[in-house]
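Novice: I would like the atomic coordinates for the input below:
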Amino acid sequence: MLSLLIPLLAREEEWGAGTAGLVLGAQGVGMVAVTLVVVKRGPLGRPGLMAASALVLAGGGVLALGLCPSATIAVAAGLVIGVGNGTFSAHIAPLVLASSPDSHLSRIQAVLVLVQSVALLLMNNVLGALVDLQGATVIVVACAVMLIGVGLTGLASDPLRNDRTGLRRR
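Specialist: As a prediction, this is how the structure comes out:
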């Protein structure tokens, strides 16, 4: 989503290409930082709770990006989005794969990649068309609201919130 919407938002806000690159770079830095922490330390908490909370965090970053008055805040928002994305990815994938039968791991992984790729292909076209109709800011804010809503829905789910897959037994 961001690889399409950030350049469109940058054009709408009259930021330079360098600013758009810094926002995307900050997102990458946030993702890498979280990934390195998880690689060194292990899961940061209950995977479902962390994944759902990370969606809310990323949604907050996307909202800040959509409403930000300056390029500096946009770069900080990119970092927040990256931390949220990295935390989500590092915690949801093990949860999905650990709940899959060993005999189907390759198939499950293939389906996950397929679903993500098809969704990205479709949504880039849909989001591009919506930006033409409503403007980048409106669409970025709408994406933020959806991310936060999905995260809050996940936080309301007891089974997801309380799953302890991958955590050490005490």
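Novice: Can you tell me the SS state at S100?
Specialist: coil (DSSP: H, G, I helix; E, B strand; the rest coil).
Novice: Once you drop chain neighbours, what's closest to it?
Specialist: I108 (4.4 Å; Cβ to Cβ, 6 or more residues apart in numbering). Every C-beta, even on glycine, is put in place using the N, C-alpha and C of the backbone.
Novice: May I have the residues that are in contact with the one you found?
Specialist: Shown in contact with I108 (Cβ atoms under 8 Å, 6 or more residues apart in numbering): V96, L97, S100.
Novice: SS state for the second one?
Specialist: For L97, the secondary-structure state derived from three-state DSSP is helix.
Novice: can the contacts of I108 go into a markdown table with extra columns for neighbour count?
Specialist: Formatted as a markdown table, these follow (neighbours: other Cβ atoms under 10 Å):
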| residue | neighbour count |
| --- | --- |
| V96 | 14 |
| L97 | 15 |
| S100 | 15 |
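Novice: Would you mind putting these into CSV with pLDDT alongside?
Specialist: As requested, the contacts of I108 are exported to CSV (pLDDT from 0 to 100):
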residue, pLDDT
V96, 84
L97, 82
S100, 85
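Novice: which among the residues you listed gets closest to V39?
Specialist: L97 (16.5 Å; Cβ to Cβ).
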